[in-house]
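Trainee: I need the structure of the sequence given here:
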Amino acid sequence: MEFTHKELVEKIIAWAEEKKAEEIVHIDVAGKSSYTDSLIICHGKVDIHVKAIAEFLIDKIKEHKIHLMSTEGLDNGRWVLIDLGEVIVHVFLKPVRDYYDLEDLWKITPKRMKEMEANHVER
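Mentor: Predicted coordinates for the structure are as follows:
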C-alpha cells in the first residue's frame, strides 16, 4: 500500500506513539529544505528506549514496503536518523535532543529568513 505524504507522517507518528516515544513533533520543511519535506522528531528515556523506538519504526517501514533510504546512529542509541527521502525521522536521547535543538533551528520566520539571506549575501 502506498501512502500519501500526510498519511506517511501520520503513520510514523502513530508508530512512535505506540513505542511510547516522547514529545513527538512534526515540522513541515517543504520549501525550506532541498533534501526533505518533513521532519519528525521525538525522544526516548534511555538509549535502549531510543533503539527500541527506532527499530520498531524501521520494522514497520519495511513491513509496509516504504522505501528506506538509510539509517544512522542505531548502534549507539543517542541519535538515530531514519531517512525516507520525503520524511526524515530523528529519534533522540533527551539530553542529545536538547543539545541540538532541531526544533529551534527550523523556526524559519520571515524576519529570520531575511537575516539569513543578509548574512549569506555578506560573505
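Trainee: mind listing what residue 88 touches?
Mentor: 35, 36, 38, 39, 40, 81, 82 (C-beta atoms under 8 Å, 6 or more residues apart in numbering). Glycine gets a C-beta too; all of them are placed from N, C-alpha and C.
Trainee: can you rerun that using 6 Å?
Mentor: With contact set as C-beta atoms under 6 Å, 6 or more residues apart in numbering, residue 88 has these partners: 36, 39.
Trainee: what about the closest residue to residue 90 other than its chain neighbours, which helix or strand?
Mentor: Nearest non-adjacent residue to residue 90, counting by C-beta to C-beta, 6 or more residues apart in numbering: residue 41, 4.7 Å away. Residue 41 belongs to strand 38-44 when elements are defined using DSSP states H and E.
Trainee: ok, that strand: who's next to it in the sheet?
Mentor: Paired with strand 38-44 in the same sheet, following DSSP bridges, are strand 22-28 (antiparallel), strand 87-93 (parallel).
Trainee: what ranges do the helices span in this protein?
Mentor: Ranges of helices in the chain, per DSSP state H, are 5-18, 47-63, 94-100, 102-105, 110-122.
Trainee: spatially central residue in this structure, please.
Mentor: For the chain, the residue nearest the mean C-alpha position is residue 89 (2.7 Å; C-alpha atoms, centre = their mean).
Trainee: wait, that one touches residue 39, no?
Mentor: No: contact status for residue 89 versus residue 39: not in contact, 7.8 Å apart, counting by C-beta atoms under 6 Å.
Trainee: give me every residue that touches residue 47.
Mentor: So residue 47 contacts 77, 93 (C-beta under 6 Å, 6+ apart).
Trainee: any idea how far it is from residue 103?
Mentor: Relative to residue 103, residue 47 is positioned 21 Å away (C-beta to C-beta, to the nearest Å).
Trainee: now the strands paired with strand 38-44 in a markdown table, with distance to residue 60?
Mentor: Below are the strands paired with strand 38-44 laid out as a markdown table (distance: least, C-beta to C-beta, whole Å):
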| stretch | distance to residue 60 |
| --- | --- |
| strand 22-28 | 15 |
| strand 87-93 | 11 |
